[in-house]
Each structure stands twice: as C-alpha cells, then as structure tokens.
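Chemist: all I have is the shape, not the residue letters:
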C-alpha cells in the first residue's frame with residue numbers, strides 16, 4: 001500500500017465517527033504538492049431551536065463533503081430578511097499534502113469567526129468563489145491542518161432568560177462541539193489531536209478566550225490566539241439577558257411574566273421571526289453602539305460558570321497569543337461620530353464628552369469627567385482636528401479592545417503553569433481609500449493577511465502586503481506547531497519575546513518587522529487610568545444602567561438609502577470586527593464604510609455578495 005500512497009499522496013474516503021467522508025484533492029503547482037479539502041462535514045446533529053447541540057447519529061455510505069453548507073440562520077445586512085439555515089452545524093477541513101506520503105501528526109488550527117455574535121459563517125464572505133476564511137494558504141504555507149465551522153448567532157445562538165428555562169450560550173456550545181469533534185476525529189485526516197490551536201478575531205477572538213476558560217474544554221485545547229477580542233471585552237457578556245428576552249417576547253407575542261412559558265413559546269416560534277425580532281439601530285442612537293449588542297454570551301453557571309476574569313486557572317496550560325490592531329476602535333468611533341472620516345467636518349468637544357459619558361455610565365458624572373479630562377489633556381497644546389479625531393479612535397480602541405486585552409494578558413500570566421504568553425500590536429495601515437491617511441489598522445484589517453489573501457488574490461495587493469501576510473502566517477503556524485512563534489516550519493523576521501507584566505513585551509507587526517519591532521508597555525498610562533483611577537470611582541446605582549438601550553430609534557427608522565445598497569460588504573465591519581455583532585450588519589451609516597469597500601454590487605444571493613478581502617467579515 002505504500003507504493004500506492006506514494007503515487008497518490010492524498011486522502012481518499014476518510015473514516016470518521018459518523019461514517020466515511022470524501023472531499024476533493026486540489027493540485028498545487030508542478031511539484032506534486034496538493035491540498036485535500038473537505039467541506040460540509042456535520043459535527044453535531046441538526047440543532048433544535050434554542051437547545052444545546054447533540055452528537056450526530058451518523059450516516060450510511062460515503063458522505064460527499066465537497067460544498068460549503070449554508071451559514072446559520074441570520075439577518076441580512078438590511079435586517080429586513082434572513083438567510084442561512086437552522087441546519088448549519090458543519091465544518092470544513094484543509095490538509096496540506098506533499099508528494100511523498102500522506103501527512104501525519106500535523107498541528108491543527110481551528111478558526112472561530114467574528115461578527116458580533118450576530119452574523120458570520122465558517123467560510124466567510126465570498127467574492128468570485130474566493131472565500132475570506134479559505135484555509136488553503138495557511139495550511140500549505142505553514143504545513144498545518146485548518147478547520148473552520150459554523151455556530152449559531154443572533155437570538156437563535158444567544159437568546160436567554162437569565163435562568164435555567166433558557167440558559168443561552170447555544171452558539172458557544174456549538175463551538176465546543178466542533179472543537180470536541182476535531183479532537184476525536186482529526187487523527188484520521190492526518191492531524192495531531194493533542195496539538196489543537198483555536199484562533200479567531202473580534203467576537204471570534206472573544207469566543208476563543210471563552211473556550212479556553214470554560215471547564216467543558218479541559219484537555220481539548222493546547223494553544224489559542226485571540227485577535228481583537230477577549231472574554232473581558234465590555235461587549236462580550238450580557239449582564240441583563242432578561243431585558244432583551246422580554247423585548248423579543250413582546251415582538252413575537254410570547255408571555256412576558258413567566259420565563260418558563262416564555263422559553264417554551266420561543267422554541268415553537270418561527271426561527272426567522274425570532275431572528276428578525278431584533279434590529280440593531282442603524283442611526284440616531286442615543287447611546288454609543290456598544291449598548292445595542294444584546295445577544296451575546298451570558299454567565300450561565302455552566303458553560304461560563306463565573307465572571308470570566310475569575311476563570312483563568314482553566315487556561316493555565318494553554319499557550320496564548322493575544323493582540324489588537326492599533327486602531328481597532330476606528331470603525332466604531334466612525335459610527336458613533338461620523339465626522340471622524342470626513343476631512344471637511346470637525347468634531348466638537350461636547351460630542352466627545354457625550355460619547356465618553358455614554359461609555360462610562362457605571363461611574364456617572366465623575367467617571368465621565370475624569371475620563372474626558374484624561375483623554376483631552378493633549379488638546380491644550382495641539383488642538384488640530386487630526387489629533388482630536390485620533391483621540392476619539394484611541395478612546396474606543398482602549399475600552400473596547402486594548403485595556404481588556406491587557407487585563408487578559410495579566411490574568412493568563414498570573415495563572416499560568418506550562419502555558420506561554422505572547423502579545424502583539426498589528427499596525428499595517430488600512431487600505432480603505434476613503435479613510436483619512438492617519439488611519440492605522442482598523443478592526444478586522446488583520447484577517448485578510450492571516451488568511452493569505454495577498455497570495456490568493458494578488459491583483460488587489462502590493463508586495464508589502466505579501467510581506468505582512470507571510471510574517472503573520474509564519475508566526476501563527478510556528479506557534480501552532482511548537483507553542484513558540486519563533487520555532488517551527490517557517491523563518492520569521494525577528495525574535496518575538498514572551499510577555500510578562502514586568503517587561504510588557506509586545507511585537508509590533510507591519511510591513512517592516514525588525515529587532516526594533518519588539519516594544520514594551522503599550523499605552524501603560526491609559527491602562528493605569530482605567531484599572532486604577534477609574535476603577536476607584538464609586539459605581540452609581542446599577543439598576544438603572546442596564547435599561548440604557550431603550551433605544552429611541554423607531555423600528556425601521558433608518559432613512560431610506562442611508563445604507564447604500566451593497567455598501568457594507570458582508571462583514572464590512574469586518575465580520576469579526578465589531579465585537580461580532582456589535583455592528584449589526586446593516587448598521588453602518590452611509591459613507592462610513594466607504595463604498596469602495598465593496599468592489600462589486602452584491603448579487604441577490606447574500607452568500608455571493610461580499611467583496612474581496614478588506615472585508616467586514618471581521619468583527
């Protein structure tokens with residue numbers, strides 16, 4: 001049989017716990033290398049509405065795994081229709097093959113997409129059959145197996161009454177089922193079940209973080225990478241799920257006063273109606289966008305047994321890379337204050353003050369004043385609009401991404417046994433042509449480089465973009481292989497030193513990574529402000545603040561045309577970009593995501609409507 005393998009070096013039908021599956025083998029170049037691709041393998045039974053997933057019963061014969069399955073049911077960008085399917089718990093696998101023998105014991109990398117827990121798909125946005133989350137470049141360049149999968153999002157994934165009648169977190173259970181399936185079955189595909197790395201961006205990065213913290217994953221995960229999102233980010237945990245469950249109940253006609261009856265009623269309600277019962281306000285928001293992310297994980301006493309900050313002992317033996325983009329807050333700041341991207345428009349101090357007070361509600365007036373004063377201290381010497389606009393972006397980047405990331409780094413180190421810790425800052429500037437030239441790396445800008453788009457679709461990119469992509473893939477896949485981003489299959493441009501609280505080490509990743517790219521103590525004074533000064537202020541009455549999102553935007557109130565057709569490439573807040581979900585797919589005010597993000601007007605089928613990489617599959 002060895003002779004046979006050496007001629008064919010590819011997987012035929014693979015035997016899994018559910019039965020045989022057959023994928024496709026794609027030849028690469030003339031050297032005999034290829035990649036085996038399996039699309040649409042079920043990792044759980046088709047889920048029942050608002051219930052935890054169950055194991056798949058299996059199938060007779062050989063399952064043809066050649067096409068991506070539909071995404072999980074979710075609202076379209078315009079929020080007036082749905083697409084996808086309830087039957088959506090499928091995964092996709094890419095296995096690199098050389099010409100000598102079938103690969104064995106390869107490291108495995110499982111991607112968790114972002115999208116604010118509201119949208120997204122395992123294959124990502126699609127432009128001319130080029131899917132954003134196509135694992136081929138990572139697999140072949142890093143010699144690793146790549147797995148992507150779907151999980152439930154929006155109300156069907158995260159609706160909760162805050163008690164055992166509807167505990168929520170269904171999308172997190174889906175993620176867990178996919179990871180557990182990979183652990184049990186990946187050896188048959190040539191993967192090492194004891195070397196699984198999970199990675200993700202935005203809501204996907206936060207999901208990665210939660211999956212390392214839950215006791216349900218003991219022994220499943222060896223390493224993890226969170227890009228622009230951790231469990232401690234303020235948009236990740238819903239503290240008042242019942243408030244939102246009642247809003248949905250009143251829309252779909254379910255009982256409001258008894259959570260057992262409400263939950264029963266939800267389970268027999270048309271799932272499309274549940275999905276559309278929640279609309280993210282797209283304009284005229286009374287509070288910053290953050291307050292409208294409603295269907296996200298909850299502390300259920302089971303999957304998330306406690307506040308995530310207290311669960312880091314569960315990740316003691318997991319190697320962890322955590323990082324952010326230098327302007328992760330830009331897309332959110334642009335939605336909260338649209339003047340940011342318009343050179344002709346100024347931002348006023350009172351507008352920034354209003355934004356600050358909307359994001360510091362728990363500390364009342366003293367919190368808003370202290371924060372405003374701290375962030376605007378430079379304005380007295382430099383009152384240019386560019387400085388002021390950058391301040392707003394830095395403010396949102398700090399609270400939504402950077403400060404929670406720093407706290408997660410410190411918690412991981414404090415609890416670590418064998419687990420190593422690395423941190424990065426991605427700063428390759430956004431390629432959005434309509435952004436001002438001071439804009440750095442926006443939310444989700446990193447995804448296209450991690451997935452090798454500058455190689456897969458070279459026309460849209462420059463040589464420097466390929467350099468960035470090569471660098472990220474090298475560090476990421478080395479880390480997956482060895483737990484050390486410097487050691488593995490790929491040469492790296494400089495040595496990346498581990499993070500400690502004392503040295504504050506982080507690697508700045510852009511087109512020119514040298515020894516000088518290893519830096520220390522990113523924005524420490526701002527971290528100190530948030531963790532010491534701000535924390536020390538007294539908290540104002542909690543009861544009132546959870547009702548904040550009584551948004552006063554009447555249903556359907558987005559003025560017609562305010563979101564130009566096609567203006568938000570799927571994902572333009574890159575699907576991962578807001579905390580998944582945080583920018584509801586249609587939420588971007590006109591112009592805030594420049595139309596150029598969308599190279600073509602979307603076709604009628606949303607699955608084919610999204611643009612090339614600078615895509616918004618990002619949050």
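Modeler: Cool, got the structure. Values in this document were obtained by computation on a predicted structure and should not be read as measured data. Residues are numbered from 1 along each chain as shown.
Chemist: and residue 189, how far is that from residue 165?
Modeler: 40 Å (CB to CB, to the nearest Å). C-betas here are computed from N, CA, C, even on glycine.
Chemist: with residue 173 instead?
Modeler: Going from residue 173 to residue 165 by CB to CB gives 16 Å.
Chemist: comparing these two, which residue is more hemmed in?
Modeler: Comparing residue 173 with residue 165 by neighbour count (other CB atoms under 10 Å), the higher total belongs to residue 173, at 24 against 16.
Chemist: output the contacting helices and strands for the particular helix or strand that has that one in it.
Modeler: According to DSSP states H and E, residue 173 maps onto helix 170-185. Applying 3 or more CB pairs under 8 Å, 6 or more residues apart in numbering; DSSP states H and E, one finds that helix 170-185 makes contact with strand 90-97, strand 106-112, strand 145-149, helix 154-158, strand 191-201, helix 203-213.
Chemist: what are the contacting residues of that helix?
Modeler: Here helix 170-185 makes contact (CB atoms under 8 Å, 6 or more residues apart in numbering) with 16-17, 43-44, 47, 50-53, 55, 89, 91, 108, 110, 112, 117, 147, 149-153, 156-158, 191, 193, 196, 198, 207, 210-211, 214, 216-217, 220-221, 297, 303-304.
Chemist: if we use 6 Å, what do you get?
Modeler: Residues outside helix 170-185 that contact it (CB atoms under 6 Å, 6 or more residues apart in numbering): 16-17, 43-44, 52-53, 89, 91, 110, 112, 147, 149, 151-153, 157-158, 193, 207, 211, 216, 220, 297, 303.
Chemist: ok, which stretches of the stretch 201-350 of the chain are strands?
Modeler: 223-227, 319-325 (DSSP state E, counting those that start in this stretch).
Chemist: including mean pLDDT, distance to residue 502 and mean neighbour count, could those go into JSON lines?
Modeler: What follows is the strands of the stretch 201-350 of the chain, written out as JSON lines (pLDDT from 0 to 100; distance: least, CB to CB, whole Å; neighbours: other CB atoms under 10 Å):
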{"stretch": "strand 223-227", "mean pLDDT": "98", "distance to residue 502": "22", "mean neighbour count": "27"}
{"stretch": "strand 319-325", "mean pLDDT": "97", "distance to residue 502": "17", "mean neighbour count": "27"}
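Chemist: which of the three states applies to residue 50?
Modeler: Here residue 50 is recorded as coil under DSSP: H, G, I helix; E, B strand; the rest coil.
Chemist: could you pull up the residues touching it?
Modeler: Neighbour list for residue 50: 266-267 [criterion: CB under 6 Å, 6+ apart].
Chemist: then residue 385?
Modeler: Contacts of residue 385 (CB under 6 Å, 6+ apart): residue 346.
Chemist: gap between it and residue 349?
Modeler: According to CB to CB, residue 385 and residue 349 sit 12 Å apart.
Chemist: how about residue 66?
Modeler: For residue 66, the distance to residue 349 - CB to CB - is 58 Å.
Chemist: returning to what we had before: most packed of the helices and strands packed on helix 170-185?
Modeler: Ranked by mean neighbour count under mean count of other CB atoms under 10 Å, those are led by helix 203-213, which reaches a mean of 30.
Chemist: so what touches that helix?
Modeler: With contact meaning CB under 6 Å, 6+ apart, helix 203-213 is reached by 112-117, 175, 198, 200, 217, 224, 226-231, 233, 236, 308, 311, 314-315, 318, 576, 579-581, 619.
Chemist: same check, this time on stretch 246-261
Modeler: Defining contact as CB under 6 Å, 6+ apart, one finds that stretch 246-261 is touched by 161, 163, 165, 262, 265-266, 269, 273, 277.
Chemist: just curious, which of these is nearest to residue 360?
Modeler: Distance to residue 360, by CB to CB, is smallest for residue 161 among those, at 29.0 Å.
Chemist: now do the contacts for residue 344.
Modeler: Residues in contact with residue 344 (CB under 6 Å, 6+ apart): none are found.
Chemist: mind doing that once more with 10 Å?
Modeler: Residues in contact with residue 344 (CB atoms under 10 Å, 6 or more residues apart in numbering) are residue 385.
Chemist: didn't residue 358 look like it was pressed against residue 367?
Modeler: No. Using CB atoms under 10 Å, residue 358 is not in contact with residue 367; the gap is 11.2 Å.
Chemist: what about those two, which has more around it?
Modeler: The residue with more neighbours, out of residue 358 and residue 367 and counting by other CB under 10 Å, is residue 367; that gives 21 against 18.
Chemist: so the more buried one lies in a helix, does it not?
Modeler: Yes. Residue 367: assigned to a helix according to three-state DSSP.
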